[in-house]
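Test case, fold it:
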Amino acid sequence: MNRDLEPHVIAAWQAMARTVGSLMKSLDEELQRTHGLTLSYFDVLEELTNAPGERLRMQQLADAVMLSRSGLTRLIDRMENAGLVQREPFPADRRGYYAMATEEGKRLYLQARPVKAQTILQRFGSHLDYSDLLGLSGALRKVMVANDLL
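Numbering: from 1, shown residues only. Got it, this is the predicted structure:
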């Protein structure tokens, strides 16, 4: 890397990290205020509701919501106790489980989905025009490809 670019790379990283952190916090607060759901709960319910067969193996779900296997297990335990998800044994592996949203979990997810969209549009999208969005998406896609995130 060109050493002259280094301060700009660090500045861009800091701006991105601060922006994402702040926007995620706002989204979490809005979902909790309106539906009593944390962003983590919402993300799990979104992945499960949109998955083929509306269920995922625990490792697939952990990867999708970017949690460790143990972190996801603790989260699923809490969500199961709240009646939002359930586990089902994986037939080919006695130690493996699927996670599935319950009817209550699906209902709550569908109610909260417009809040997520509105919050993203209000706090993020309303400040960018079409060319900003294309440039940002293109730049982030390059980083995702380079780091095998796609």
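
what residue is smack in the middle of this protein?
The structure's the chain has its C-alpha centroid closest to residue 43; by CA atoms, centre = their mean the separation is 4.5 Å.

tell me which element it falls in.
Take DSSP states H and E as the rule and residue 43 turns out to sit in helix 39-50.

residues in contact with residue 56?
The neighbourhood of residue 56, defined by CB atoms under 8 Å, 6 or more residues apart in numbering, consists of 47, 48, 64, 98, 99. Placement of C-beta: from N, CA and C, glycine included.

Any regions of the protein where pLDDT drops low?
For the chain, the stretches flagged by pLDDT under 70 are 1.

the strands in it, which residues?
With DSSP state E applied, the chain shows strands at 55-57, 85-90, 93-101, listed in chain order.

Please identify the most buried of those strands.
Across these, averaging neighbours per residue (mean count of other CB atoms under 10 Å) puts strand 55-57 on top, at a mean of 19.

Parallel or antiparallel, which strands does that strand pair with?
Take DSSP bridges as the rule and strand 55-57 pairs in its sheet with strand 93-101 (antiparallel).

Including distance to residue 137, could the contacts of residue 56 go into TSV?
As requested, the contacts of residue 56 are exported to TSV (distance: CB to CB, whole Å):
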residue	distance to residue 137
47	21
48	26
64	20
98	32
99	30
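
What lies in contact with the helix holding residue 43?
When contacts are taken as CB under 8 Å, 6+ apart, the neighbours of helix 39-50 outside the stretch itself are 24, 27-28, 31, 37, 54-56, 61, 64-65, 67, 75-76, 79, 82, 84-85, 99-101, 105-106, 108-110, 112-113, 116.
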